[in-house]
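Peer 1: After the sequence you'll find the predicted model.
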Amino acid sequence: MSRQSRVRGMMLGLALGDTVGGARGLVPGSGPLRAGVSTQLACFTAEGVVRAQVRGNHKGICYAPGVVLHAYCRWAFLQGVEAEKMRHRWRPHGGAWPDGWLAGVPALGERRGSAPATVTALSRIDSGEERMATTSRGHHALTRGLPIAVTGLGGITQAGAVAALTHGDTAAQNAAVHAAVLTHYCLTASDAESGRSVRGALRTGIAALAPRGLSPAVDGDSPLAATEEEHGRLVAAFQLAVGEPADASRLTHLAPDPTAPSALLGGLYVAASFPDRAALPTALDFAAHAPDGESVACVAGALLGAVHGVEALPVAQVGRHELAWVLDTLARDLVLELDDSPSGSEYVKGWDPHWWERYPGW
């Protein structure tokens, strides 16, 4: 299975999970399917990752969380959140603003739910990146950051800093990092046609998060390592999924609220409960009935889509999703930028003369 298929599956899987979860599983049988706010923000995370990579290639240095913050500010502007403050802050740096192709997508300017911590933090951006974050543990710190998994373990080290832009709670930041690590291992799993690959990928990801240098993949001093308590919860959720899969009471216990740690444990439990490729729609429907089905199904959809690839997603639903083309384009462009740098670099001419206009490097 190609890397592109898996990244597309991850992006569209998180979006479909967000939508199915938001509808509590009662998805309309016809008509467009609306994106959730987690999906909107994930689009801007993906765009921010591409633009950070472009900047690094051309300038030789880049602080990626700052570029992603700029992306969230474009989302806020389109949503009408402190629009004049956003324009005043960013327009002097680059002429016409907001720039980049994503800012021209009408559906990203539509209200598709609430993201209170993100909105509150962005509204006080003038206070500085170090002081604008709220104390929230909300799940948007995690769900919007799932595309960071595509950058690999090196890039994932910055997932916590991206979450910390708006969510000051350490547990939320750690959950965002751990979810990205699990998604990374799902994106790189082997034997993708076998249900064993889902549990194998998750098992490897959990092992990589082991504390105190116990993991062969990640050093214990790494920001990717979980605490003993966090790691124990991940292990317990996985073991429950293997021993007692698809148990609604277990899901409620693991994911009782709309926080980032709940989204992580709930999404892990659902993905490991339904490892078979054909069971992906059933998995999302089950996840949708968690206390906060939106976040749990979003994480489960990303994990399962990353393992099985875009071909495993139900065409009848993906084809009606209002952001399907946008998500698919972002997924393809993420892979393209990371593998081939269409705009070139400081010393090498690129082969796509329009790439910088689509993804300005700032």
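Peer 2: Great, that's in hand.
Peer 1: Run through the stretch 201-350 of the chain and note the low-pLDDT ranges.
Peer 2: Counting by pLDDT under 70, the stretch 201-350 of the chain has low-confidence residues at 212-222.
Peer 1: 80 instead?
Peer 2: For the stretch 201-350 of the chain, residues meeting the criterion pLDDT under 80 lie at 212-223.
Peer 1: residue ranges for the helices of it, please.
Peer 2: 228-243, 248-254, 260-273, 280-287, 293-308, 315-318, 324-340 (DSSP state H, counting those that start in this stretch).
Peer 1: winner for burial among those?
Peer 2: Scoring those by mean neighbour count under mean count of other CB atoms under 10 Å gives helix 293-308 as the most buried, with a mean of 32. The C-beta positions use only the backbone N, C-alpha and C, and glycine is treated the same way.
Peer 1: Next, the angle from that helix to helix 324-340.
Peer 2: For the pair helix 293-308 and helix 324-340, the angle between their directions (axes from the mean of the first three to the mean of the last three CA atoms, to 10 degrees) equals 50 degrees.
Peer 1: For helix 293-308, which helices and strands make contact with it?
Peer 2: Under the contact criterion of 3 or more CB pairs under 8 Å, 6 or more residues apart in numbering; DSSP states H and E, helix 293-308 touches helix 3-22, helix 37-59, helix 140-143, helix 170-187, helix 196-208, helix 260-273, helix 280-287.
Peer 1: Who are the packing partners of the longest one?
Peer 2: Using 3+ CB pairs under 8 Å, 6+ apart as the contact criterion, the secondary-structure elements in contact with helix 37-59 are helix 3-22, helix 64-79, helix 140-143, helix 293-308, helix 324-340.
Peer 1: To residue 205, which of the ones you listed lies closest?
Peer 2: Closest to residue 205 of those is helix 293-308 (CB to CB; 9.2 Å).
Peer 1: May I have the residues that are in contact with the spatially most central residue of the chain?
Peer 2: Here the mean C-alpha position of the chain is nearest to the C-alpha of residue 146 (CA atoms, centre = their mean), at a distance of 1.9 Å. With contacts taken as CB atoms under 8 Å, 6 or more residues apart in numbering, residue 146 has the following neighbours: 10, 14, 42, 45, 179, 180, 183, 298, 299, 302.
Peer 1: What's the local residue count around the third one?
Peer 2: Applying other CB atoms under 10 Å, we find 29 residues neighbouring residue 42.
Peer 1: just the second one next, same as before
Peer 2: Other residues near residue 14 come to 31 when the count uses other CB under 10 Å.
Peer 1: Do you know the pLDDT at it?
Peer 2: According to the prediction, residue 14 has pLDDT 98.
Peer 1: re earlier: mind putting the helices and strands packed on helix 37-59 into JSON lines with distance to residue 346?
Peer 2: Shown next, in JSON lines, are those (distance: least, CB to CB, whole Å):
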{"stretch": "helix 3-22", "distance to residue 346": "26"}
{"stretch": "helix 64-79", "distance to residue 346": "17"}
{"stretch": "helix 140-143", "distance to residue 346": "33"}
{"stretch": "helix 293-308", "distance to residue 346": "32"}
{"stretch": "helix 324-340", "distance to residue 346": "16"}
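Peer 1: just so I know, which of those lies nearest residue 53?
Peer 2: Among these, the nearest to residue 53 by CB to CB is helix 324-340 (5.1 Å).
Peer 1: following that closest one, which helix or strand shows up next?
Peer 2: helix 355-358 (DSSP states H and E).
Peer 1: Any chance you could list what contacts that next one?
Peer 2: For helix 355-358, the surrounding residues in contact (CB under 8 Å, 6+ apart) are 54, 100, 101, 333, 342, 343, 350.
Peer 1: same check, this time on stretch 119-137
Peer 2: Outside of stretch 119-137, the residues that reach it under the criterion CB under 8 Å, 6+ apart are 65-66, 69, 72-73, 76, 79, 81-82, 85-86, 89, 116-117, 164-169, 171-172, 259-261.
Peer 1: Return the backbone torsion pair for the residue nearest to the centre of the chain.
Peer 2: With angles defined as degrees, to the nearest 10, residue 146 sits at phi -60, psi -40.
Peer 1: and which of the contacts of helix 355-358 is nearest residue 241?
Peer 2: Closest approach between the contacts of helix 355-358 and residue 241, by CB to CB: residue 333, at 33.4 Å.
Peer 1: Spatially nearest residue to that closest one, not counting backbone neighbours?
Peer 2: Using CB to CB, 6 or more residues apart in numbering and skipping the chain neighbours, the partner closest in space to residue 333 is residue 50 (5.9 Å).
Peer 1: Could I get the pLDDT score of that neighbour?
Peer 2: 98.
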